[in-house]
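Undergrad: Can you look at this prediction? I've put the sequence above it.
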Amino acid sequence: MTPEALARVELAGEAGRALEAVPGAPGVGQILGEGGQSLVIGTASHLRRWAASHLGLAPPRKALGAPARRPRTSLAGIATAIAWVEADGPFHQRLLYERLLARHVPLSARRDLKPPFFLHLDPLERFPRATVRGAGAGPLYGPFRDRRAAEKARGALQRLFELRPCDYSFEPEPTLSLGLACLYAQVRSCAAPCLARVSEEEYRALATRAASWLADPSRRGDTPPAVPPIVAAADSGRAVIVDAGQRTIGLFPLRRGRVLDAAALAVTPGELDLAIGLLEWPEPEGADDWPWLTGWLASPKRRASFVVVPEPISTAELRALVRAALPPRAFAGLATGGNVGATREEA
């Protein structure tokens, strides 16, 4: 989204007349002060009502039996303009909000965001092990909302693949005291490469299978609850966010944790199959979106779908994944007939 994408109306004179230009549609709004200073940015299901509430023009609440609420602070005395952009779909709205907010509030000042965590597992190491890390050098698998969630996933991985949990350096030896005293080796929950129960090549092959299992949710079958379906190869993987709006279906490609705004598509249900064949995942530019995207993914109120796109994948397979992620209402009333070409979503 660029600054030019926001519509704008000046508040010269009566604010009520200016509000008539603001649509009664969902989107992202901004109240501006002198010199273009941003006073407030927010998402709204009805932009006109949202703006009116910040300018002291909203009708009073008349809920019977409801506790009294402190009225919202009126910005009418210092506001000079209203800016907005409409959004057809909950994820599209969140993306527009984050892009606009990023121009005014640095990430370091965002108290509402927490850094995500990942599992690190490199099968090329001599004796690979899974560890919990923040964003950084890979191979990384995730994201996880917090360290505790990542540690639970590491435990589930350990139970499935018997990777070593220890961080010791050793030379394999069947009588190694370090391994003989290890509880994991005693109860056989670790492959115990330290005791040479498996060769180095066999142990690395085990780690390779574990990494492949983490990288692609379709390989996991009955996924343990501790490893949610959104977990994939975070530092190199591809995904698409499928956002069913009121009028269109938004397809937002994601790569290396960055939502690729310029590659997004907004299509009608009849155009969906054609649009899926047009999806692209160019190399991302700018910082990743994991800090806010992880919170969105973990939210129980999330209404858009996150679809991991493994490589390689055929167009037919991708179509099946995307269609399975859409609610039935997205295709309600779809008429049979020819498709119209998909258009890029200007964001």
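TA: That came through, no problem. Numbering: from 1, shown residues only.
Undergrad: who's in contact with the residue nearest the centre of the chain?
TA: Geometric centre of the chain, nearest residue: residue 293, 3.4 Å, by CA atoms, centre = their mean. By CB atoms under 8 Å, 6 or more residues apart in numbering, the contact set of residue 293 is 143, 254, 257, 259. Where C-beta positions appear, they are placed from N, C-alpha and C, glycine not excepted.
Undergrad: Now rank those by neighbours and give me the top one.
TA: Neighbour counts for the contacts of residue 293, by other CB atoms under 10 Å, peak at residue 143, which reaches 27 neighbours.
Undergrad: What sits closest to that residue if chain neighbours are left out?
TA: Distances taken as CB to CB, 6 or more residues apart in numbering place residue 116 nearest to residue 143, at 4.0 Å, with adjacent residues excluded.
Undergrad: which residues touch the one you found?
TA: Neighbours of residue 116 in contact, by CB under 8 Å, 6+ apart: 134-135, 142-145, 290-291, 294.
Undergrad: Just the closest of the residues you listed to residue 193, please.
TA: residue 142 (25.5 Å; CB to CB).
Undergrad: What is the neighbour count of the closest one?
TA: Counted with other CB under 10 Å, residue 142 comes out at 30.
Undergrad: What of residue 216?
TA: By other CB under 10 Å, the residues close to residue 216 number 17.
Undergrad: and if you look at residue 11?
TA: 19.
Undergrad: what's the answer for residue 125, then?
TA: Using other CB under 10 Å, residue 125 has 10 neighbouring residues.
Undergrad: Look up how far residue 207 lies from it.
TA: Plainly put, residue 125 is 8 Å away from residue 207 if you go by CB to CB, to the nearest Å.
Undergrad: show me where the stretch 51-200 of the chain has helices.
TA: Here the stretch 51-200 of the chain has its helices, by DSSP state H, counting those that start in this stretch, at 90-102, 147-161, 177-180, 183-186, 200-215.
Undergrad: Name the helix or strand for residue 294, please.
TA: In this structure, residue 294 is located in helix 290-298 according to DSSP states H and E.
Undergrad: what inclination does that helix have with respect to helix 147-161?
TA: Orientation of helix 290-298 against helix 147-161 (axes from the mean of the first three to the mean of the last three CA atoms, to 10 degrees) gives an angle of 70 degrees.
Undergrad: Could you check how far the helix or strand harbouring residue 316 is from the centre of its chain?
TA: Assigned by DSSP H and E, residue 316 falls within helix 315-325. Taking the mean of its C-alpha atoms, helix 315-325 sits 19 Å from the chain's own mean (CA atoms, centre = their mean, to the nearest Å).
Undergrad: For the residue nearest to residue 143, give its distance to residue 292.
TA: Per CB to CB, residue 116 is found 10 Å from residue 292.
Undergrad: Next up, phi/psi of residue 255, please.
TA: phi -140, psi 140 (degrees, to the nearest 10).
Undergrad: which stretches of the stretch 1-150 of the chain form strands?
TA: For the stretch 1-150 of the chain, applying DSSP state E, counting those that start in this stretch gives strands covering 7-10, 27-32, 38-44, 81-86, 117-120, 131-133, 140-144.
Undergrad: hmm, back to that, which of the contacts of residue 293 fall within strands?
TA: Secondary structure from DSSP state E places 143, 254, 259 of the contacts of residue 293 in strands.
Undergrad: Can you report how many residues neighbour the closest residue to residue 257 other than its chain neighbours?
TA: In space, and not counting its chain neighbours, residue 257 is closest to residue 288: 3.4 Å by CB to CB, 6+ apart. Per other CB under 10 Å, the neighbour tally for residue 288 reads 18.
Undergrad: what do you get for the one 4 residues further on?
TA: The burial metric for residue 292, expressed as a neighbour count using other CB under 10 Å, is 21.
Undergrad: looking at it, it is touching residue 113, isn't it?
TA: Yes. With contact defined as CB atoms under 8 Å, residue 292 counts as touching residue 113 (5.7 Å).
Undergrad: tell me the SS of residue 329?
TA: Three-state assignment for residue 329 (DSSP: H, G, I helix; E, B strand; the rest coil): helix.
Undergrad: how many neighbours does it have?
TA: Applying other CB under 10 Å, I find that residue 329 has 10 neighbouring residues.
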